[in-house]
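Colleague: Quick check, what structure comes out for this input:
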Amino acid sequence: MIKAQALRKGDTIGLIAPASKPQKREKIGSSVRYFESLGYRVALGKSIEKEYGYLAGTDKDRIDDIHRMFADKKVKAMFFLRGGYGTIRLLPHLDYDLIARNPKIIVGYSDATSLFLAIHKMIGLASCFFGPMPGVDIWNGFDPFAEECMWRALTSTKPFGELPMDKTEGLPLIKNRKEVVEGRLFGGNLTVFSTVMGTPYMPSLKNRVFILEDVTEAPYRIDRYFAQLAANGALSSAKAILLGQFSDCDEPDKTKPTLTTEQAIKDHLGKLTIPVLTNLPFGHVPRQWTLPMGVKVRVEGKKVAVIESVLR
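Modeller: Numbers count the residues shown, from 1 in each chain. Next comes the predicted model:
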């Protein structure tokens, strides 16, 4: 595993938009002020205010931003300003040797999932974090729980240990036979994860502790994605599955015949004999963990602990 350096005050943080551009310009300025108020410098990607349909500029614009940030020795971390669409278009054109020579922290969720999967597969970088995005979560009223988790994750060279959760989080989907398991953390947004399946940029799915979440997806789509994972063998070979909150994923039209999202998930995961925890705080929710991809975690009952160091 390739590890990046932990963040220190005075370091430069890059803001990039490999998917869609921020919806309001003020989100960029507010994000810059937030990081600067904590003693960090900020570098802005050149394409973050460009617009090409639903993309923040052309593919070349967004690739050039990523490459510039990795080549800049002053930049120690990069944040996706937001998710959206289109990061998967960049994967065949990235300079993975450049990224391997200059390991850095990368933070984001949603569409960032595809970039994290590709970087993990191609070079084994351990410093891709599924965590808050400035133009969504940070710019205006950063949730205190998420803020504390993020800075703890990005500034420490020690294993995180047990991840905090309240009584409503981490509830088991089923009563499992295996109570304590270990595996490498892997996954992200369920929709984006599924789009990478079958490409050269999907790492091995065996012996993983999966994190999976989504937002505003109809139950039949959630059903389809889990059916794909089942058919691929990912579910049967997993060590554990950690589910996010699947916000706004039920059918809004009550006149339509439909499963609920909960029913669709139970149909696919309810017969597994591995730990399956639900309602966990990551992804498209204000209260969220910052989770490192590819590092070893332990799941014991409803406790989840990162047991391997991520940064150096």
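Colleague: Would you mind measuring from Cys149 to Phe160?
Modeller: Shown here: Cys149 relative to Phe160, a distance of 9 Å by C-beta to C-beta, to the nearest Å. Placement of C-beta: from N, CA and C, glycine included.
Colleague: I misspoke; the intended subject was Pro281.
Modeller: Taking C-beta to C-beta as the criterion, Pro281 is separated from Phe160 by 14 Å.
Colleague: cool, and Phe142?
Modeller: Phe142 sits at a distance of 19 Å from Phe160 (criterion: C-beta to C-beta).
Colleague: Between the two, point out the one with more neighbours.
Modeller: Phe160 (23 against 17; other C-beta atoms under 10 Å).
Colleague: who's in contact with the more buried one?
Modeller: Shown here is Phe160, whose contacts under the criterion C-beta atoms under 8 Å, 6 or more residues apart in numbering are Arg152, Ala153, Pro292, Ala305, Val306, Val310.
Colleague: quick one: secondary structure of Val299?
Modeller: Secondary structure assignment for Val299 (DSSP: H, G, I helix; E, B strand; the rest coil): strand.
Colleague: Over to Leu229: give its phi and psi.
Modeller: Backbone torsions of Leu229, given as degrees, to the nearest 10, read phi -60, psi -40.
Colleague: Secondary structure element holding the residue nearest to it when sequence neighbours are not counted?
Modeller: Spatial nearest neighbour of Leu229, excluding adjacent residues (C-beta to C-beta, 6 or more residues apart in numbering): Leu235 at 5.2 Å. Counting by DSSP states H and E, the element that carries Leu235 is helix 234-237.
Colleague: How about residues contacting that helix?
Modeller: Residues from elsewhere that reach helix 234-237, judged by C-beta under 8 Å, 6+ apart: Leu205, Lys206, Asn207, Arg208, Phe210, Phe226, Leu229, Ala230, Ile241, His268, Leu269, Leu272.
Colleague: pretty sure Phe210 belongs to a strand, no?
Modeller: Yes - counting by three-state DSSP, Phe210 falls inside a strand.
Colleague: ok, it touching Gly244?
Modeller: No - taking contacts as C-beta atoms under 8 Å, Phe210 lies outside contact range of Gly244: 10.9 Å.
Colleague: Neighbour count: these two, which is higher?
Modeller: In terms of neighbours (other C-beta under 10 Å), Gly244 is the more surrounded of Phe210 and Gly244; the figures are 26 against 23.
Colleague: what residues are up against the residue lying closest to the more buried one once chain neighbours are set aside?
Modeller: Using C-beta to C-beta, 6+ apart and skipping the chain neighbours, the partner closest in space to Gly244 is Glu213 (2.5 Å). Applying C-beta under 8 Å, 6+ apart to Glu213 gives the contacts Gly188, Asn189, Leu190, Leu243, Gly244, Gln245, Phe246, Leu280, Phe282, Gly283, His284.
Colleague: Which ones among those residues map onto helices?
Modeller: Using DSSP state H, the members of the contacts of Glu213 that fall within helices are Leu190.
Colleague: Tell me the one of the contacts of Glu213 nearest Pro200?
Modeller: Distance from Pro200 was checked for each of the contacts of Glu213 by C-beta to C-beta. The minimum falls on Gly188, at 17.6 Å.
Colleague: Under the pLDDT cut-off, which ranges of the stretch 51-200 of the chain? List them.
Modeller: The model of the stretch 51-200 of the chain has pLDDT under 70 over residues 176-178.
Colleague: ok, which stretches of it are helices?
Modeller: Counting by DSSP state H, counting those that start in this stretch, the stretch 51-200 of the chain has these helices, from start to end: 59-71, 96-101, 112-123, 144-155, 190-196.
Colleague: Could I get those helices in CSV, plus columns for mean neighbour count and distance to Ala19?
Modeller: Compiled in CSV, the helices of the stretch 51-200 of the chain are given as follows (neighbours: other C-beta atoms under 10 Å; distance: least, C-beta to C-beta, whole Å):
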stretch, mean neighbour count, distance to Ala19
helix 59-71, 19, 8
helix 96-101, 14, 18
helix 112-123, 24, 8
helix 144-155, 18, 20
helix 190-196, 22, 10
